[in-house]
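Q: Got a predicted model here, sequence first, then my questions.
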Amino acid sequence: MNQEYPKSSIILNGQTAVVTGGSSGIGAGIARALGEAGANVVVNYSSSREGAEEVVAGIRDQGGQAIAVQADVSSESDVEAMFRKTVETYGTVDILISNAGVQQDAAFTEMTLDEWNMVININLTGSFLCARAATREFLRRGMVPERSSALGKIIFVSSVHEIIPWSGRVNYASSKGGLMLFMKSIAQELGAEGIRVNSIAPGAIKTPINRETWDDPESKAELLKLIPRHRIGDPVDIAKAALWLASDESDYVHGTSLVVDGGMILYPGFISGG
């Protein structure tokens with residue numbers, strides 16, 4: 001799903017960004033926006049090499065620098081290898097977009113341990129492994145003031161379900177709720193080092209994984225009842241937020257979940273008084 005990404009005044013020339021889960025959807029949108037802003041982009045993928053290479057080609061076609069790197073973010077050895085490859089190619093890492101995530105939906109009483117573990121391992125443990133690797137590289141490299149006022153930037157892609165409970169998806173909601181406190185805890189720990197840590201919490205976004213919802217008129221109408229802005233978001237909405245958080249324009253933003261959801265967390269069921 002290719003979109004036009006409007007030119008931004010934000011410049012990230014000379015900086016290198018790792019985008020996990022960058023082969024499609026929100027991750028692909030963020031990767032393209034960072035590339036458009038001049039960053040070197042490492043597009044991580046787990047299985048969709050074709051999708052990742054398409055994103056890389058798009059960035060290069062616009063004059064940017066990008067490579068695709070396969071890694072399972074829940075594997076410590078894969079993550080360490082991905083960051084080694086990044087440093088070998090571009091010298092260092094300045095920005096981590098920890099976006100890789102999955103769903104394995106089931107009723108609570110029917111959910112298997114494998115379904116629970118898969119979601120927690122990728123969504124939460126994967127974020128830990130990538131953030132740890134990025135932080136170690138930030139500290140190894142040290143400050144480069146001419147490139148950024150921060151030692152490094154970590155941005156997690158969370159979900160409104162770090163706030164909103166989600167029946168039938170307790171593994172997913174638990175992973176995102178855990179991610180919220182993980183983000184805030186390491187922000188508390190790393191702020192004095194000059195490392196900025198934040199999250200983006202998207203609501204309903206048009207991505208291939210949920211196409212059947214927004215392509216079907218009845219399903220779309222039901223979904224729109226949950227969104228006061230009365231539209232479904234596009235990956236570019238999240239990409240713009242990520243670009244801002246990755247830049248010095250948000251230098252005093254730290255330890256925050258930026259909710260980008262068209263108002264979904266405003267309890268729209270109470271519009272008529274409840």
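A: Structure's in. What do you need? Keep in mind the model is a prediction, meaning the values are calculated, not measured.

Q: Confirm Ser74 sits in a strand?
A: No: counting by DSSP: H, G, I helix; E, B strand; the rest coil, Ser74 falls outside a strand, being coil.

Q: For it, give its distance to Asn121.
A: 4 Å (CB to CB, to the nearest Å). For glycine as for every other residue, the C-beta is placed from the backbone atoms N, C-alpha and C.

Q: And those two? Which one has more around it.
A: Using other CB atoms under 10 Å, the more surrounded residue of Ser74 and Asn121 is Ser74, with 22 against 17.

Q: Let me know the pLDDT of that one.
A: The score at Ser74 is 98. That number is its pLDDT.

Q: how about Asp78, secondary structure?
A: On the basis of three-state DSSP, Asp78 is classed as helix.

Q: Ok, Ile97 next?
A: Ile97 - assigned by three-state DSSP - is strand.

Q: Show me what the residue nearest to it when sequence neighbours are not counted is bridged to.
A: Closest residue to Ile97 apart from its sequence neighbours, by CB to CB, 6 or more residues apart in numbering: Val19 at 4.4 Å. For Val19, the beta-bridge partners under DSSP bridges are Val43, Ile97.

Q: count of neighbours near the spatially closest residue to Trp166 that is not a sequence neighbour?
A: Once flanking residues are discounted, Trp166 sits nearest to Ala173: 4.4 Å by CB to CB, 6+ apart. Other residues lying near Ala173 total 20 when counted by other CB under 10 Å.

Q: sec struct for Ala173, please.
A: Under three-state DSSP, Ala173 comes out as helix.

Q: looking at this protein, which helix or strand does the model trust least?
A: Among the helices and strands of the chain, helix 211-215 carries the lowest confidence by mean pLDDT, DSSP states H and E, at a mean of 75.

Q: who touches the next helix or strand after it?
A: Later in the chain than helix 211-215, the nearest helix or strand by DSSP states H and E is helix 217-224. For helix 217-224, contacts defined as CB atoms under 8 Å, 6 or more residues apart in numbering pick out Ala204, Glu212, Thr213, Trp214, His230, Arg231, Ile232.

Q: Just list the residues touching the first one, thanks.
A: Which is Ala204. Ala204 neighbours (CB under 8 Å, 6+ apart): Asn210, Thr213, Trp214, Leu223, Leu226, Ile227, Ile232, Gly233, Asp261, Gly262, Met264.

Q: Type out the ChimeraX command that picks the buried ones from these.
A: Here is the ChimeraX command that selects only those of the contacts of Ala204 that count as buried (16 or more other CB atoms under 10 Å):
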select :210,214,223,226,227,232,233,261,262,264
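
Q: how close does Ala134 sit to Phe83?
A: Ala134 is 7 Å from Phe83, by CB to CB.

Q: between these two, what contacts are shared?
A: Val18, Val93.

Q: Quick check: phi and psi on the nearest residue to Asp248 once chain neighbours are set aside?
A: Once flanking residues are discounted, Asp248 sits nearest to Ser149: 4.9 Å by CB to CB, 6+ apart. Note on Ser149: its backbone torsions stand at phi -80, psi -10 [degrees, to the nearest 10].

Q: Tell me how many other residues crowd Ser149.
A: 12.

Q: now do Thr135
A: The number of residues near Thr135, taken as other CB under 10 Å, comes to 21.

Q: Let me see the mean pLDDT of the helix or strand hosting it.
A: Assigned by DSSP H and E, Thr135 falls within helix 126-141. Average pLDDT, helix 126-141: 98.

Q: and it, what does it pack onto?
A: helix 76-90, strand 95-98, strand 152-157, helix 170-190, strand 195-202 (3 or more CB pairs under 8 Å, 6 or more residues apart in numbering; DSSP states H and E).

Q: Take these and write them to a markdown table, including distance to Ser219.
A: A markdown table is the format used below for these (distance: least, CB to CB, whole Å):
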| stretch | distance to Ser219 |
| --- | --- |
| helix 76-90 | 36 |
| strand 95-98 | 29 |
| strand 152-157 | 23 |
| helix 170-190 | 19 |
| strand 195-202 | 18 |
